[in-house]
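1. predicted model and sequence follow; I will ask about them next.
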Amino acid sequence: MFFEKFDAVIAFLRKLHCNNYGIWKDTYGITLIRIGENVLNKHLRKLNKQKYAVVISPTIIQKINISSNLSMSCNCIRDLNSILSIGGALEHNFAKELIFTHHKDKEVHYVAVPVPLSNDSFCTNRSSHCLGRIEIPTRETLYPSEILIDISLLKNVNQRLNLMGLGEAIGFYYSLMDYCIVRKMLPPKKIMTIIERQVSKLALHSKRLNKRNWLKKLSMVLLLKCLVMRINRDNQIGAGGDHLLAYAFEHSQKIYNKYSVKKFTHGEYVFIGSILMASLFPEWQFGFFSLKNLLNFGRTAGLLKNQVISLLVKQPKMALVKLSLQLRPRRPTVLSLLSSKQIENARIKLNEYLKL
Ligand SMILES: [Zn+2]
């Protein structure tokens, strides 16, 4: 039973927390994880003589004010020994697809450096050859061989972007609940308690905790989520109803508004999906995970701006639930078991809170 393996994940993360360095090993392979100051620059110095490429966007270069070391990257794509992706979902996706498509036959050391910590793509094996088309699910490509959580880089990024990663961590609770309940399994209490404790600390003390500790804690929660998906050999344990509603919300925004209002990031959409889950399943309330707490956090953290609130109020909830099921028709989810009464109650409750 995969729940038994959770203890191994917890023990690994405890060690990682103490040493800022750890090697995760399972049937998929080996991933080396480093957390600390200037870990990227130290890594780049070691790469001196190797042929490597860096996937990074000009926006990220500006945001993190990175050193000119990156100009050493090689452009002969077939001869590469190593590929680094520095950035968010877009950059990690590009690198995974590149290696999967052109280097399948060759050992390429793939290093993922999340900047900002706005989602979990730096540690998953998921990517898409048509990223952005929500109706097409991502596919399994490859896990990174190395993950560098560079606190000095993350400290320079607008904190709002890192906060979006917390949306992904909050969604993890709802995904786990969904995964277990629809399969008639008991939700894993130990892991739920850890997530609740860590997420509530991150959400409620985002200004009081020193930035270094906050970033390290967030990276650990995202790693926990990814390792649970990895040992479960199924990403659905980390992409349940919260993600399905997030896709539906994004999709309907795209269809009806053509993004005349701002497009949000994946972490923001998942946070919105989690709010919807909390309104649809009030019986899942557990410590921090209640509709009231999520809305309070969203407001104080700046994740729930007026634009999001008015979209949340306007969106017909029944249509959203239906769309979420249509977008991933084969994915088992408790959303498919909802009655129209439950959806209507959620709408009333959510509007009541949002209009406060
Ligand atoms: Zn996600």
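-> Great, that's in hand.
2. starting at the chain centroid, how far to the helix of greatest length in the chain?
-> In the chain, assigned by DSSP state H, the helix with the most residues is helix 159-182. Distance of helix 159-182 from the chain centroid (C-alpha atoms, centre = their mean, to the nearest Å) equals 7 Å.
3. list the buried residues for it?
-> 159, 161-182 (16 or more other C-beta atoms under 10 Å). For glycine as for every other residue, the C-beta is placed from the backbone atoms N, C-alpha and C.
4. cool, stretch 27-44 as well?
-> For stretch 27-44, a neighbour-count test (16+ other C-beta under 10 Å) marks 31-36, 39-40, 43-44 as buried.
5. endpoint to endpoint, that stretch covers what distance?
-> For stretch 27-44, the first-to-last residue distance is 28 Å (C-alpha to C-alpha, to the nearest Å).
6. and the contacts of it?
-> For stretch 27-44, contacts defined as C-beta atoms under 8 Å, 6 or more residues apart in numbering pick out 16, 20-25, 66-67, 69-70, 72, 84, 86, 111, 113, 123, 125, 143-153, 216, 219, 223, 230.
7. report the buried members of the residues you listed.
-> Buried, going by 16+ other C-beta under 10 Å: 16, 22, 24, 66, 84, 86, 111, 113, 123, 125, 143-151, 153, 216, 219, 223, 230, out of the contacts of stretch 27-44.
8. confidence score at K216?
-> Per-residue pLDDT puts K216 at 95.
9. just for the stretch 201-350 of the chain, where's the confidence low?
-> By pLDDT under 70, the weakly predicted segments of the stretch 201-350 of the chain are 208-209, 255-262.
10. show me where it has its helices.
-> 211-232, 241-252, 266-280, 291-301, 306-314, 317-327, 340-354 (DSSP state H, counting those that start in this stretch).
11. mind putting those helices into JSON lines with distance to K51?
-> Shown next, in JSON lines, are these (distance: least, C-beta to C-beta, whole Å):
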{"stretch": "helix 211-232", "distance to K51": "28"}
{"stretch": "helix 241-252", "distance to K51": "37"}
{"stretch": "helix 266-280", "distance to K51": "32"}
{"stretch": "helix 291-301", "distance to K51": "42"}
{"stretch": "helix 306-314", "distance to K51": "45"}
{"stretch": "helix 317-327", "distance to K51": "40"}
{"stretch": "helix 340-354", "distance to K51": "53"}
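12. highest mean neighbour count out of those?
-> Among the helices of the stretch 201-350 of the chain, ranked by average contacts under mean count of other C-beta atoms under 10 Å, first place goes to helix 266-280 (a mean of 27).
13. just to revisit the earlier point, now, which of the buried residues of stretch 27-44 lie within strands?
-> Residues of those located in strands (DSSP state E): 31-36.
14. now, the most widely separated pair of those?
-> The largest separation in these, counting by C-beta to C-beta, is between T31 and G36 at 16.4 Å.
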